[in-house]
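> next input, structure requested:
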Amino acid sequence: MSALHDFPRITPFLWFDSNAEEAVDFYLTVFKNSHRLDAPHPVDDSRGSKGGILTIAFELDGQKFTAIDGGPMFKFT
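Numbers count the residues shown, from 1 in each chain. Prediction:
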């Protein structure tokens, strides 16, 4: 085992206003060896996205990612 495998990998989080699930579905068709890591759970939150998905964990060819439906009211900083 190399030294690189001894350290945890960084998991990028990708921010979307409202279409994280659509984006993840697209990414899974583009990259080989890719899949969802958990089943998305609908949320009922104050943003008004009843039944929407808040986060989706997925893997693209061995790299883990999390997609977030954060909404447009929070800007990237």
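
> okay, now Asp69: neighbour count?
As a burial measure, Asp69 scores 22 neighbours (other C-beta atoms under 10 Å). Yep, even glycine has a C-beta here, placed from its N, CA and C like the rest.

> find the nearest non-adjacent residue to it, please.
Leaving aside its sequence neighbours, Asp69 sits nearest to Ala20 (C-beta to C-beta, 6 or more residues apart in numbering; 4.4 Å).

> so that neighbour makes contact with Phe26?
No - look at Ala20 against Phe26 with C-beta atoms under 8 Å: they stay out of range, at 10.7 Å.

> quick one on the thing from earlier: measure the residue nearest to Asp69 to Glu59 for me?
When distance is defined by C-beta to C-beta, to the nearest Å, Ala20 is 15 Å away from Glu59.

> swap in Trp15?
Using C-beta to C-beta, we find Trp15 at a distance of 18 Å from Glu59.

> so, low pLDDT: which residues of the chain?
1-8, 39-53, 75-77 (pLDDT under 70).

> comparing Ala20 and Phe26, which shows the higher neighbour count?
More crowded of Ala20 and Phe26, by other C-beta under 10 Å: Ala20, with 23 against 10.

> which parts of the chain are helices?
For the chain, the helices defined by DSSP state H occupy 20-30.

> ok, Val24 - contacts?
Arg36, Ile56, Phe58, Ala67 (C-beta atoms under 8 Å, 6 or more residues apart in numbering).

> for PyMOL, write a command that selects the buried ones of those residues.
For the buried members of the contacts of Val24, the matching PyMOL selection, counting by 16 or more other C-beta atoms under 10 Å, is:
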select buried, resi 56+58+67
